[in-house]
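>>> Requesting a structural model of the entry that follows:
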Amino acid sequence: MKIVAQSVKIGELLQDGKIYAVPIFQRSFSWEEEQVTDFWEDLITVYRENGEEYFLGSMVFSEHETPNKVKILDGQQRLATILISLAALRDVLQQTPLDKSAERVEVINNILYTRDPVTLEQNCKLELNREDRIFFEKLIVRGTFHDIRYTSHKLIKKAYELLKEKIKRGIEKEGEDFVRGIIDIILNRLIIIRIWVSSEVDAHIIFETLNDRGLELSVADLVKNYLFSISGDHLEIAIEKWKELVDNVGDHNVSRFLRHFWISKFELIRKEELYKKLKDYVNSSNVKSFIEELSEEALIYSNLRSPSHEFWSDREIENLLEELSILRVEQVYVLLLSAYQRFYRRGNREKFKVLLQSVINFSFRWSTICGLNPNEMEKLYSELAVKLRNGEIDIGDIIEEFRERAPSDTEFVDKFKEKDIKNSKLAKYILLKLNNFLLKERDKKELTVDIRKVNLEHIVPKRPDREWLDYFQEKEIEDWTELIHKIGNLTILLEEYNKRIANKFFTKKKEMYERSVLPLNEKLKTYKEFGPPEISERAEEMSQIAKTIWNI
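Below is the predicted model of the structure:
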């Protein structure tokens with residue numbers, strides 16, 4: 001193995017006559033506003049403080065099959081953003097009447113792309129992957145936007161527009177000094193460690209080392225690079241299936257999906273262990289089937305988290321999955337991936353629905369209300385998922401396990417009564433479930449209410465008026481803010497909700513509750529005042545209903 005590392009300036013890198021090409025299997029441009037802003041702020045800090053140099057980290061390169069080209073195996077996001085910055089500066093200068101604008105534009109263009117001396121063809125100094133190459137090249141060479149087809153195209157455009165606006169403001173304030181300073185920083189004061197490797201196999205060793213040090217590469221990067229490196233004749237299929245995977249789960253969720261898939265099928269592991277475990281399991285003989293399986297499970301995973309009717313064609317399942325998403329309990333998808341394969345895929349939708357409801361109820365009790373250890377929950381879900389896939393257990397065994405492990409009714413009721421519900425969507429979900437239970441109990445036709453049309457009402461408001469404050473003083477309520485998010489202080493209203501009186505005293509808001517047709521508000525109509533005793537009374541009644549709704 002041959003590895004050479006040396007410190008170089010970005011200017012040296014961009015002016016060495018080479019074109020840096022991203023391998024086709026590398027990820028697309030993924031920097032969002034936060035990363036681009038951080039990059040720019042670092043540049044400005046160096047500019048303001050007149051710093052000597054700024055270290056950008058390491059970049060990994062290897063030889064390319066084409067003369068005058070170099071493969072960039074790690075560092076493309078940073079290098080792409082640098083080129084976008086220079087392109088934005090060039091395009092601002094073309095519209096800005098500074099004395100040296102024309103000369104600066106020419107200098108920048110010579111950095112951004114090369115010209116073939118015979119054909120005069122312009123070639124961008126950085127070639128991105130298959131999806132981004134043409135779009136990026138049009139922007140860097142011509143300052144125009146090609147057909148926007150992918151999320152990465154939108155991110156490139158957004159980065160360019162953000163940087164262009166920041167550059168405009170800098171030039172408006174400081175003129176030529178700002179331009180000269182930014183160019184000098186990018187070319188002469190941004191430093192990287194350039195790591196040359198003799199092959200991409202050696203690069204994987206570097207990637208693993210970087211990952212061990214907690215640097216740039218994510219688990220998803222490592223896994224993808226490894227799978228592609230052993231794909232051989234199946235590389236094109238691997239690239240296609242990986243793209244499907246990313247399109248389904250989203251670029252920033254790939255690592256989470258990979259771990260959830262693994263602990264759903266094999267065993268519970270930490271994120272740091274995933275890459276090694278996968279390398280031990282996947283080789284050149286099974287890589288094709290493995291990556292095809294990953295792509296298939298990614299589609300399922302995506303529709304478990306964000307259900308679509310095209311995928312499920314079952315409103316009941318879709319509604320249950322929407323409920324689950326409100327609870328924000330990540331660990332459940334480990335079990336549901338296995339449940340899909342064991343039940344839904346084999347045509348047993350009813351068992352799948354029963355499991356979904358049981359998972360919701362168990363997660364609501366364990367996590368949402370009682371706030372118990374999420375690691376214990378994940379361990380349980382992983383153990384059940386693996387056994388379910390292997391045919392060792394059935395739906396009854398899972399429900400029985402939930403019953404044994406779930407918080408008792410007494411513990412659940414006690415926690416529910418005192419729970420602060422600060423997330424408005426979760427609060428509306430809980431209150432709607434309570435309200436609809438009361439409708440069914442009274443043999444009334446259940447109101448179909450879209451959660452987006454429900455108004456969440458804090459009876460003791462977040463910003464009480466003077467009458468409320470006088471009431472608190474009279475009743476010797478020292479910290480009224482502790483009442484605001486209690487379940488007993490919350491209700492829901494439909495079109496009778498009046499935002500203008502939401503902060504008024506209880507007796508003045510009571511007309512809203514009296515107009516309400518929702519059974520959840522019946523008790524409010526009987527109160528003459530509203531404070532801690534009434535909040536406790538409502539919470540007690542609600543907790544008894546909740547105990548039944550979220551029963552296992």
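
>>> Ser28 belongs to a strand, doesn't it?
No: according to DSSP: H, G, I helix; E, B strand; the rest coil, Ser28 belongs to no strand; its state is coil.

>>> Tell me the confidence at it?
In the prediction, the pLDDT value recorded for Ser28 is 87.

>>> same check, this time on Asp74
At Asp74, the model reports a pLDDT of 83.

>>> swap in the one 4 residues further on?
What the model reports for Arg78 is a pLDDT of 93.

>>> how about the closest residue to it other than its chain neighbours, secondary structure?
In space, not counting the residues next to it along the chain, Arg78 is nearest to Leu56; the distance is 5.8 Å by CB to CB, 6 or more residues apart in numbering. Where you see a C-beta, it was placed from the backbone N, CA and C, and this is true even at glycine. The assignment at Leu56 comes out as strand when based on three-state DSSP.

>>> Thr114 too?
Recorded secondary structure, Thr114: strand (three-state DSSP).

>>> Would you quantify the distance from the residue nearest to it when sequence neighbours are not counted to Asn129?
Nearest in space to Thr114, with sequence neighbours left out and distances taken as CB to CB, 6+ apart, is Asn123 at 5.0 Å. Computed as CB to CB, to the nearest Å, the Asn123 to Asn129 distance reads 16 Å.

>>> more neighbours, those two?
Neighbours of Asn123 and Asn129, each counted by other CB atoms under 10 Å, are more numerous for Asn129; the result is 20 against 14.

>>> Pretty sure the more buried one sits in a strand.
No: with three-state DSSP as the criterion, Asn129 is located in coil rather than a strand.

>>> right, and it touches Arg27 too?
Yes: with contact defined as CB atoms under 8 Å, Asn129 counts as touching Arg27 (7.3 Å).

>>> quick revisit: would you say the residue nearest to Thr114 is within a strand?
Yes: assigned with three-state DSSP, Asn123 falls within a strand.

>>> can I assume it is in contact with Ile19?
Yes: with contact defined as CB under 8 Å, Asn123 reaches Ile19; the gap is 5.9 Å.

>>> on that earlier part again, any idea how far the residue nearest to Arg78 lies from Cys124?
For Leu56, the distance to Cys124 (CB to CB) stands at 20 Å.

>>> The stretch 351-500 of the chain: helices as residue ranges?
Taking DSSP state H, counting those that start in this stretch to define them, one finds helices in the stretch 351-500 of the chain at 374-389, 395-405, 409-418, 424-441, 466-474.

>>> Can you name the residues bridging to Ile492?
When bridges are assigned using DSSP bridges, the partners listed for Ile492 are Leu456.

>>> how does this protein divide into domains?
In terms of domains, the chain is parsed into 3-212, 219-306, 312-407, 416-549 (source: automatic domain parsing).

>>> need the next SSE after the lowest-mean-pLDDT helix or strand in the chain, C-terminal direction.
Per-element confidence for the chain was summarised using mean pLDDT, DSSP states H and E. The lowest value among helices and strands belongs to helix 200-212, with a mean of 56. On the C-terminal side of helix 200-212, the nearest following helix or strand under DSSP states H and E is helix 219-229.

>>> same for that next one, what does it pack against?
helix 200-212, helix 235-249, helix 254-265, helix 271-281, helix 287-305 (3 or more CB pairs under 8 Å, 6 or more residues apart in numbering; DSSP states H and E).

>>> which of these sits most buried?
By mean neighbour count, with neighbours taken as mean count of other CB atoms under 10 Å, helix 254-265 ranks first of the helices and strands packed on helix 219-229 at a mean of 22.

>>> Off-centre distance for that one?
Between the centre of helix 254-265 and the centre of its host chain there is 15 Å, according to CA atoms, centre = their mean, to the nearest Å.

>>> With stretch 321-329 instead?
Relative to the chain's own centre, stretch 321-329 is displaced by 15 Å; criterion: CA atoms, centre = their mean.

>>> buried ones in that stretch?
Taking 16 or more other CB atoms under 10 Å as the neighbour-count basis, stretch 321-329 is seen to contain the buried residues Leu321, Glu323, Leu324, Ile326, Leu327, Val329.

>>> doesn't the third one fall inside a helix?
Read that as Leu324. Yes: Leu324: assigned to a helix according to three-state DSSP.

>>> Quick one: residues contacting it.
Leu324 sits next to Val332, Leu356, Val359, Ile360, Ser363 when contact means CB atoms under 8 Å, 6 or more residues apart in numbering.

>>> With the last one instead?
When contacts are counted by CB under 8 Å, 6+ apart, Val329 is found next to Ser363, Ser367, Thr368, Pro374, Met377.

>>> and what of Ile19?
Contacts here follow CB under 8 Å, 6+ apart; on that basis Ile19 touches Asn68, Lys69, Val70, Thr114, Asn123, Cys124, Lys125, Leu126, Glu127.
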